[in-house]
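K.L.:
Using only what follows, build the 3D model:
(chains A and B)
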2 protein chains.
Amino acid sequence: MDEFELIRTFFATQPVCRDDVVLGIGDDAAVLSPPPDEKLVCTTDMMLEDVHFASTTQPSAIGHKALAVNLSDLAAMGARPAWATMTLALTAADPVWLQAFCAGFFELAARFRVQLVGGDLTRGPLAVGMHLTGFVGNEGFLTRDGARPGDDVYVSGFLGDAALGLQAQRGTVTLAGPDHDAVLRRLEFPEPRVELGCALCGMATAAIDISDGLCADLGHIVTSSGVAARLEAERLPLSGVYRRHFGELGWEPALSFGDDYELCFTAAPASRGAIEAVAAARRVTVTRIGTIHEGEGIRISAGGTEFTPRSAGYEHFRA
Amino acid sequence: MDEFELIRTFFATQPVCRDDVVLGIGDDAAVLSPPPDEKLVCTTDMMLEDVHFASTTQPSAIGHKALAVNLSDLAAMGARPAWATMTLALTAADPVWLQAFCAGFFELAARFRVQLVGGDLTRGPLAVGMHLTGFVGNEGFLTRDGARPGDDVYVSGFLGDAALGLQAQRGTVTLAGPDHDAVLRRLEFPEPRVELGCALCGMATAAIDISDGLCADLGHIVTSSGVAARLEAERLPLSGVYRRHFGELGWEPALSFGDDYELCFTAAPASRGAIEAVAAARRVTVTRIGTIHEGEGIRISAGGTEFTPRSAGYEHFRA
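P.N.:
Presented below is the predicted three-dimensional model:
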């Protein structure tokens, strides 16, 4: 199959067909009708083999995660997702691989009503780039710079399972079968917190998604907001699997690893009831893990003493 | 420098600052205000080292071309460019390389009032992905499927110089110094025909940009439109350098190589005067090279006999 047959076979037929797509895949560019009186929210992320995922990763997980990490960025802005484009470099045109990759991608796209409106397919080392556009209306959007002294610090879901998944994948930790599968799923099929992010607009004072690690990402909130944060390690939401292996893991993976794609956000104490209600309605756990103060940086207490993570989070160009 | 310092140093300061960018580089996503009552036109393209450009290519040319090929797609739709995002994989964070890359990118961005609103910087084999958004208003947009029997076929500029540039770069043809520089510039710093494309809205019946070769790209127009085309090779616009080397080159590079990023478009004969006026006002040459007929495929006459190109144009996954 040539490039154009591949596009027709695997990408031009898809589950979502949006009314606001005037012209989708197949011309020099897509033509789109933005909703009146709304703003657009745009994000882009790239995933490379051996950098963002192991060469043994199943293609459906690569398709899922390429979209999920971009959905997670929109969630952190409180935006409703709409249109995606994809750049895909493949070493070879393998129909079995492409079928599975597309299944992972389009299954998630269907859940969030995302239509793929264009892309670029090329031969090269395996790489998936995504661009995702969403909308925000009068309720506004979430940024990193609005945290104020006195605010609570929250995270959604559980932290550290993706780290444990990577260790299980690499064989540096051995888990029972169901535990192994559960944490590998958390690494490979992260769940973007889109509905929660949208519901937090007007309620949270700042938000970010945890891709590089809680400390690194909350670090962006405190730096952008000109404030400090204090966390209590004992409050960190840890899954049953993580708790069972806490002796080997300690706090570090939950604080510093990232790849969990949970939301970290801040809100005034007056919003506690509303946030609990919003989270319960969306069946997402949210946990208060600390508070915002005047100053700078993040301080973490564990067992009454200060805890300093060894790693400041994932960073591509650290010397 | 870490990832965030690199972004601040090289990407967050830029020449263009648009009023419709509510939130640019620096948060989880950009927030943008689309113009009321217009449609968005979105395109994406990726360039990889050793696939789309040689490892010896100067970084300013990579920066220029990554944006130029996307501008060319918007030109082929008749859209006015506005917002870009970039995914950039680098083997190392080399400030000298990045400075030159950004100079090439932002010089072109400034000319077309394109603001970079976000991106993703990662370590990996050199790859540049771009997503570009533009606008079209009530004058509509250009597609590939509107060519009708009786229409003229046009191209802008000259064809085949980029092919000659690649041969000169590879040393398979030897040119005098100024000729060498001229064709290499055409390969490395293509000029997107944005103003021409916008002016052709409502005048051209179909349009495409020539990235894969005239025959391949005009082939998309005739297939999408359900028509045939006849071209006269003697009418192809060839530069002075190409003409001087015509004996070695023949018609093939001008017909099949691509990478020229000129526009190929069709229009009714009644539009000839208007098209000449539009092109003259924008100081772009446009040349009538053939006509649209009922049927399918492309026939090319050269010296009174039918000419069949050996190559159907560039294609990534040909068996």
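
K.L.:
Quick check: residue A:248 vs residue A:178, distance?
P.N.:
Per CB to CB, to the nearest Å, residue A:248 is found 18 Å from residue A:178. Just so you know, the C-beta spots here come from the backbone N, C-alpha and C atoms, and that holds for glycine as well.

K.L.:
show me what contacts the nearest residue to residue A:287 once chain neighbours are set aside?
P.N.:
Once flanking residues are discounted, residue A:287 sits nearest to residue A:237: 4.3 Å by CB to CB, 6 or more residues apart in numbering or on different chains. Counting by CB atoms under 8 Å, 6 or more residues apart in numbering or on different chains, residue A:237 touches A:155, A:157-159, A:285, A:287, A:289.

K.L.:
residue boundaries of the helices in chain A?
P.N.:
Assigned helices in chain A, in chain order: A:3-6, A:59-77, A:95-111, A:161-170, A:177-188, A:194-200, A:214-225, A:240-244, A:246-249, A:252-256, A:272-281 (criterion: DSSP state H).

K.L.:
Tell me how many other residues crowd the residue nearest to residue A:167 when sequence neighbours are not counted.
P.N.:
Spatially, and ignoring its direct neighbours in sequence, residue A:167 is nearest to residue A:173 (4.2 Å; CB to CB, 6+ apart). Counted with other CB atoms under 10 Å in any protein chain shown, residues neighbouring residue A:173 total 18.

K.L.:
thought residue A:173 was touching residue A:164?
P.N.:
Yes. Between residue A:173 and residue A:164 there is a contact at 6.8 Å, judged by CB atoms under 8 Å.

K.L.:
can you list residues touching both of those two?
P.N.:
Residues touching both residue A:173 and residue A:164 (CB under 8 Å, 6+ apart) are A:245, A:249.

K.L.:
How about residue A:293, nearest residue that isn't a chain neighbour?
P.N.:
residue A:228 (4.7 Å).

K.L.:
Now the weakest link among the helices of chain A, please, by mean pLDDT.
P.N.:
Of all those, the minimum mean pLDDT falls on helix A:3-6 (a mean of 85).

K.L.:
CA-only coordinates of it in CSV, if you can.
P.N.:
In CSV, the C-alpha atoms belonging to helix A:3-6 read as follows (Å, rounded to 0.1, in the frame of the first residue of the first chain):
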residue,chain,number,x,y,z
GLU,A,3,0.9,6.5,1.5
PHE,A,4,-2.5,7.5,0.2
GLU,A,5,-4.0,4.0,0.3
LEU,A,6,-2.7,3.8,3.9
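
K.L.:
helices or strands up against it?
P.N.:
strand A:115-123 (3 or more CB pairs under 8 Å, 6 or more residues apart in numbering or on different chains; DSSP states H and E).

K.L.:
quick one: the strand it packs on near chain B?
P.N.:
Yes. Judged by CB under 8 Å from any CB of the partner chain, strand A:115-123 comes into contact with chain B through A:117-123.

K.L.:
Just the closest of those residues to residue A:68, please.
P.N.:
residue A:119 (17.4 Å; CB to CB).

K.L.:
Model confidence at the nearest residue to that closest one once chain neighbours are set aside, what's the number?
P.N.:
Leaving aside its chain neighbours, residue A:119 sits nearest to residue A:86 (4.1 Å; criterion: CB to CB, 6+ apart). On the pLDDT scale, residue A:86 is placed at 97.

K.L.:
Residue A:116 is in contact with residue A:86, correct?
P.N.:
Yes. Residue A:86 is within contact range of residue A:116, at 6.3 Å (criterion: CB under 8 Å).

K.L.:
Could you pull out the residues contacting both of these two?
P.N.:
Joint contacts of residue A:86 and residue A:116 (CB under 8 Å, 6+ apart) are A:11, A:105.

K.L.:
Comparing the helices of chain A, which stretch has the densest surroundings?
P.N.:
helix A:59-77 (a mean of 26; mean count of other CB atoms under 10 Å in any protein chain shown).

K.L.:
Tell me the helices and strands packed up against it.
P.N.:
Packed against helix A:59-77 by the contact rule (3+ CB pairs under 8 Å, 6+ apart) you find strand A:39-48, strand A:80-90, helix A:95-111, strand A:127-136, helix A:177-188, helix A:194-200, strand A:206-209.

K.L.:
what about 6 Å?
P.N.:
Helix A:59-77 makes packing contacts with strand A:39-48, helix A:95-111, strand A:127-136, helix A:194-200, strand A:206-209 when contacts are defined by 3 or more CB pairs under 6 Å, 6 or more residues apart in numbering or on different chains; DSSP states H and E.

K.L.:
Could you list the contact residues of the stretch 101-250 of chain A toward chain B?
P.N.:
Counting by CB under 6 Å from any CB of the partner chain, the stretch 101-250 of chain A comes close to chain B at A:120, A:122-125, A:127, A:129, A:131, A:141, A:143-144.

K.L.:
For the helices and strands packed on helix A:59-77, give me a markdown table that also has distance to residue B:222.
P.N.:
Shown next, in a markdown table, are the helices and strands packed on helix A:59-77 (distance: least, CB to CB, whole Å):
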| stretch | distance to residue B:222 |
| --- | --- |
| strand A:39-48 | 34 |
| helix A:95-111 | 28 |
| strand A:127-136 | 30 |
| helix A:194-200 | 42 |
| strand A:206-209 | 46 |
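
K.L.:
among those, which is nearest residue B:23?
P.N.:
Checking these against residue B:23 by CB to CB gives strand A:39-48 as the closest, at 8.6 Å.

K.L.:
Show me how far the closest one is from its chain's centre.
P.N.:
11 Å (CA atoms, centre = their mean, to the nearest Å).

K.L.:
Any residue of that strand touching chain B?
P.N.:
Yes. Residues of strand A:39-48 contacting chain B under CB under 6 Å from any CB: A:39-46, A:48.

K.L.:
Do I have it right that the residue nearest to residue A:293 meets residue A:299?
P.N.:
No. Applying CB atoms under 6 Å as the test, residue A:228 and residue A:299 come out as separate, 7.2 Å apart.

K.L.:
Just want to know which of those two has more residues nearby.
P.N.:
residue A:228 (17 against 14).

K.L.:
which residues touch that one?
P.N.:
Neighbouring residues of residue A:228 by CB atoms under 6 Å, 6 or more residues apart in numbering or on different chains: A:222, A:293, A:295-297.

K.L.:
Could you rerun that using 8 Å?
P.N.:
Residue A:228 neighbours (CB under 8 Å, 6+ apart): A:222, A:292-299.

K.L.:
how close does it get to chain B?
P.N.:
19 Å (CB to the nearest CB, to the nearest Å).

K.L.:
Now do stretch A:233-244: distance to the chain's middle.
P.N.:
20 Å.

K.L.:
To clarify, my last question referred to stretch A:247-263.
P.N.:
Put simply, stretch A:247-263 sits 14 Å off its chain's centre (CA atoms, centre = their mean).

K.L.:
Please apply the same query to stretch A:296-314.
P.N.:
23 Å.

K.L.:
contact partners of it?
P.N.:
Residues contacting stretch A:296-314 (CB under 8 Å, 6+ apart): A:211-213, A:215-219, A:222-223, A:226-234, A:251-252, A:255-259.
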